[in-house]
Structure formats: C-alpha cells, structure tokens
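Colleague: kindly generate the corresponding structure for this input.
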Amino acid sequence: MSDQDWLQLELQNDGVMLVTMQNAPVNAFNPKSLGELETLFVKLASDDATKAVVLASDLKVFSAGLNLKEAQHYDLAAQQAIVDGFHKTFLEIFAFSKPFIVAVEGAAIAGGFFPVICSDYRIAGPRATFGLAEVRVGVGMPAGLMEIIRSMLSPNDLRRILQNGAAISVDAAIQAGIVDELVQAGDALGQALKVARDYIQIPPKAYATIKYQNRQHAIEALKAEIAKSGASGPVPWFTAETASAMAKMIG
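Modeller: Below you'll find the model as predicted:
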C-alpha cells in the first residue's frame with residue numbers, strides 16, 4: 001500500500017495504522033484530496049493487516065476544511081464535484097467498519113470537522129478548536145453531511161455550532177460530546193494509539209456489526225443522497241453571497 005503525497009502511513013506492530021495528514025499549510029480539501037482520502041479508507045477497510053486506524057495531523061492545524069482560495073472560483077461542475085467528494089469520502093469514513101480514532105491538537109473546522117465527527121473516539125489537546133463554518137462561508141451544509149452531524153450532535157449543540165459558524169474551544173467540545181478525552185499539549189497522538197490498541201481487543205466482527213447498527217440510519221440516508229445526486233444534473237451549492245463571504249474569510 002503506497003502513501004499519497006499528503007497522507008503518511010505507518011503500520012504499527014500491533015496492527016494500528018497511523019495516518020498523518022501533512023498537506024501544508026492547513027490540510028485543506030479539494031476534490032482531488034478528498035478522492036485520495038476516500039481511496040485510502042477503502043483500501044484500509046479491506047487490508048487484513050490493519051486492525052484500527054488513528055488519524056492525526058503533522059501541522060499546527062488538524063484541518064481547515066475546504067480550500068477557499070480554490071473554491072471561490074468554482075464553476076457549477078466544480079461545485080458539484082466538491083459536494084460529491086464530501087459525501088462519498090465521509091460516507092466511507094463514517095461507515096468504516098474498524099475502530100477509527102482521531103488525535104487533534106489544532107483547529108478542525110468545516111470540512112475538517114468531519115473526520116473528527118465520523119470517528120469512534122476523539123482525543124484532543126488544549127489548543128484544539130472545532131467548528132462548522134459553512135454559514136460564514138456563505139453556503140448551506142450538504143444534505144448528506146447533515147445526516148452525519150444530526151446523528152452525532154444534539155439539536156441544541158447543532159443549533160449553536162452550525163447556525164453561528166464560530167469555532168468552539170476544546171472545553172465546549174467536550175460538553176457537546178465532540179471530544180471524548182482531553183490530554184496535555186502534544187500527548188493526543190500517544191493517547192490515541194493507546195486507545196486504538198484497546199479497541200483492537202474487541203472481537204472485530206462484533207465491533208463492525210454494532211458500529212453499523214448504531215450508524216445505520218445516517219449511513220443509508222447518506223447513500224440515498226449520493227444516489228439522488230448521481231441521477232440528476234449538477235446542482236449549485238454556492239449562492240450570490242458565497243464569493244464575497246469566502247473572500248472575507250480568506251482575508
């Protein structure tokens with residue numbers, strides 16, 4: 001299994017696969033990088049040597065989500081491609097049958113929030129922040145991604161986080177159930193590997209069954225959104241507000 005340019009893979013002796021994102025400066029996503037992330041999780045799902053996956057970042061930021069510098073120039077086809085990319089990639093990660101643990105030391109914002117919320121256990125350092133900034137970028141949430149966050153967050157937490165669009169602190173993320181464990185700065189990865197080693201002691205078939213049962217409704221709804229998109233022509237994601245909102249966010 002070969003590494004992508006920005007995804008460094010390191011299989012531990014116990015079968016925990018460490019995936020480190022290193023797409024400087026902020027691990028931003030575009031259709032190409034989303035496709036690479038999707039392809040990786042497809043491969044890891046069928047790789048017998050991989051018992052669990054830990055995702056971390058080699059940068060100060062975990063992921064800032066959509067690459068706004070590119071996205072502000074997207075035409076209709078590109079808008080459809082990025083929405084399809086988000087849907088297919090995070091379906092693959094959300095439905096991933098093996099234990100998936102994240103280690104977050106920096107910001108996980110907008111699209112960069114989804115690897116966190118799709119994971120099974122989330123460990124964060126004190127400087128981690130989390131947010132769904134779509135409203136401030138001038139776009140709605142893609143319908144399939146709404147299914148994921150609705151299944152993972154309470155209505156009131158979703159109201160505060162999604163409708164305001166501002167990042168929240170790690171303490172607020174713990175209260176919202178986004179973060180499971182707070183550790184000292186620099187310790188998130190080590191603890192994530194430790195937690196993953198505990199998870200792989202669970203019978204894998206039972207784990208995959210229980211995880212699917214827990215997530216089945218959202219998985220099937222997301223699959224339906226993907227099928228719906230494939231049966232129709234391109235649908236605009238952006239509005240008349242989007243370009244100026246993106247430019248303001250970029251600064």
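Colleague: what number of residues lie near E36?
Modeller: 16 (other C-beta atoms under 10 Å). (Glycine included, C-beta is placed from N, CA and C.)
Colleague: what pLDDT does it get?
Modeller: At E36, the model reports a pLDDT of 97.
Colleague: do the one 5 residues further on as well
Modeller: At F41, the predicted lDDT confidence score is 98.
Colleague: the closest residue to it other than its chain neighbours: which element?
Modeller: Leaving aside its sequence neighbours, F41 sits nearest to E92 (C-beta to C-beta, 6 or more residues apart in numbering; 4.7 Å). E92 belongs to helix 76-94 when elements are defined using DSSP states H and E.
Colleague: in that helix, which residues are buried?
Modeller: For helix 76-94, the neighbour count (16 or more other C-beta atoms under 10 Å) marks 78-94 as buried.
Colleague: and stretch 47-59, by the same measure?
Modeller: Buried-residue list, stretch 47-59, by 16+ other C-beta under 10 Å: T50, K51, A52, V53, V54, L55, A56, S57, L59.
Colleague: before we move on, back to that, which ones are touching the residue nearest to F41?
Modeller: E38, F41, V42, A45 (C-beta atoms under 8 Å, 6 or more residues apart in numbering).
Colleague: which strands or helices does the helix or strand where the second one lies pack on?
Modeller: Yep, that's F41 we're talking about. Element membership for F41 (DSSP H and E) is helix 31-46. Packed against helix 31-46 by the contact rule (3 or more C-beta pairs under 8 Å, 6 or more residues apart in numbering; DSSP states H and E) you find strand 7-11, helix 76-94.
Colleague: just checking, what packs against the shortest one?
Modeller: Here strand 7-11 touches strand 16-21, helix 31-46, going by 3+ C-beta pairs under 8 Å, 6+ apart.
Colleague: so what strands line up beside the shortest one?
Modeller: Strand pairing for strand 16-21, determined by DSSP bridges: strand 7-11 (antiparallel), strand 52-57 (parallel).
Colleague: CSV for these, including distance to V102 and mean pLDDT?
Modeller: Output for the strands paired with strand 16-21, formatted as CSV (distance: least, C-beta to C-beta, whole Å; pLDDT from 0 to 100):
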stretch, distance to V102, mean pLDDT
strand 7-11, 14, 98
strand 52-57, 5, 98
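Colleague: switch those strands over to TSV; also include distance to S244.
Modeller: Output for the strands paired with strand 16-21, formatted as TSV (distance: least, C-beta to C-beta, whole Å):
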stretch	distance to S244
strand 7-11	33
strand 52-57	30
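Colleague: which one of those strands lies closest to P234?
Modeller: strand 7-11 (28.3 Å; C-beta to C-beta).
Colleague: what does that closest one contact?
Modeller: Residues outside strand 7-11 that contact it (C-beta under 8 Å, 6+ apart) are 1, 3, 17-22, 36-37, 40, 49-50, 58.
Colleague: tell me the buried residues in it?
Modeller: Buried, per 16+ other C-beta under 10 Å, within strand 7-11: L7, L9.
Colleague: report the angle between it and helix 31-46.
Modeller: Between the axes of strand 7-11 and helix 31-46, defined by axes from the mean of the first three to the mean of the last three C-alpha atoms, to 10 degrees, the angle is 10 degrees.
Colleague: now the helices for this protein?
Modeller: Using DSSP state H, the helices assigned to the chain run over residues 31-46, 68-71, 76-94, 114-117, 134-137, 143-152, 155-164, 170-175, 188-199, 204-231, 242-250.
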